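[1] coords please:
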Amino acid sequence: MNKKILTYFVFYYLIISLVAAQNGDRPESPDLKRVTVDTTTGHAWIFWSLSPSPEVTAYIIHIEKIIILPPFPADTIWMKFDTIFDAGATYYQNINSNATVFSESYVISALAPTAPDYKESPFTKKHATIFTSLEFDSCNAQLILSWTPYIGWEDSLKNYFIYRNTNSGPFSFIDSMPPGSTTYLD
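    A predicted model of the protein is given here:
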C-alpha cells in the first residue's frame, strides 16, 4: 500500500514538474514610471524600473499604432518598436518620436532566455505623452492652452503645472490645474 502511495506522489511530482518546465515561466514585467517629451529635441523619453526577474536580458519598447483598414473601423495595436539588450537599462530615448505632433503611448516588456527560446513578460500599464497646443483668441485677447491628459498615473496625478516664458526667457510657474483639466486660459 505504501509503495502505491509513493508511486502516486512520484507520478504527481513528475507531471507538475513537466508542466512547469513546458510552460517556461515568463519574467515579471518592469514598472513603467513615466514618459515625457524633451521640448528641445521633440524626442520622447521612457523611464522604467527593472523587472524583478533576475534572468531578464533585454527590454522591448512597444508603441501604440492606429490601424485603419476600410471598411473596418480603426483599431489599435502594440508594435514592437525597439529592443534594448541591456538588463540594467531603465530609460530609452525615441529619436524617431512624433510627440510634438500628437500624443504617443508606450508599454514595455521584459525578455528572458528560456530553453529553447525567449519568453516575454506581460506588458506594463500604458503611459502616454502629453501633447499641447496653443491658440490665440483675438476677440478676447487671450491664449488658450490645450493638452491631452497624461495616461498612466490614474489616481496618482495631482495637478498639471503651467509655466510660461516670454521672449525666449526662462520659464516661470503661473498656475496649476486639477487632473481632469485639459485647457487653460491666459
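
[2] what's downstream of the worst-scoring helix or strand of the chain on mean pLDDT, the next helix or strand?
    When the helices and strands of the chain are scored by mean pLDDT, DSSP states H and E, helix 2-23 comes last with a mean of 43. Once the chain leaves helix 2-23, the next helix or strand it forms, by DSSP states H and E, is strand 31-37.

[3] what secondary structure does Asn140 sit in?
    Using DSSP: H, G, I helix; E, B strand; the rest coil as the criterion, the local structure at Asn140 reads coil.

[4] and it, how many residues sit next to it?
    For Asn140, the neighbour count with other C-beta atoms under 10 Å is 9. C-beta coordinates here come from the backbone N, C-alpha and C atoms, glycine included.

[5] Please apply the same query to the one 3 residues further on.
    Using other C-beta under 10 Å, Leu143 has 13 other residues around it.

[6] That one and Ser176: what is the separation?
    Per C-beta to C-beta, to the nearest Å, Leu143 is found 17 Å from Ser176.

[7] One more: Trp147?
    Taken as C-beta to C-beta, the span from Trp147 to Ser176 is 13 Å.

[8] Need the nearest residue in space to Tyr91, chain neighbours excluded.
    Phe47 (4.9 Å; C-beta to C-beta, 6 or more residues apart in numbering).

[9] Next up, the contacts around that neighbour.
    Going by C-beta atoms under 8 Å, 6 or more residues apart in numbering, Phe47 touches Leu32, Lys33, Arg34, Val35, Thr36, Thr90, Tyr91.

[10] rewinding a little: which of Trp147 and Ser176 has more residues huddled nearby?
    Applying other C-beta under 10 Å to Trp147 and Ser176 shows that Trp147 carries more neighbours, namely 18 against 12.

[11] Give me the neighbour count for the residue nearest to the more buried one when sequence neighbours are not counted.
    With C-beta to C-beta, 6+ apart as the criterion, Trp147 has its nearest non-adjacent residue at 4.5 Å, and that residue is Thr132. By other C-beta under 10 Å, the residues close to Thr132 number 15.

[12] Would you map the strands across this structure?
    Per DSSP state E, the chain carries strands over the ranges 31-37, 44-49, 58-67, 75-84, 91-94, 105-114, 117-120, 127-128, 132-137, 142-147, 160-164, 172-177, 183-185.

[13] would TSV of those strands with distance to Asp25 be doable?
    Formatted as TSV, those follow (distance: least, C-beta to C-beta, whole Å):
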stretch	distance to Asp25
strand 31-37	19
strand 44-49	20
strand 58-67	17
strand 75-84	20
strand 91-94	25
strand 105-114	7
strand 117-120	7
strand 127-128	26
strand 132-137	42
strand 142-147	41
strand 160-164	40
strand 172-177	44
strand 183-185	47
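
[14] Glu154 is nearest to which of the ones you listed?
    Closest to Glu154 of the strands of the chain, according to C-beta to C-beta: strand 127-128, at 10.7 Å.

[15] what's the offset of stretch 127-141 from the middle of its chain?
    How far stretch 127-141 lies from its chain's middle: 25 Å, per C-alpha atoms, centre = their mean, to the nearest Å.
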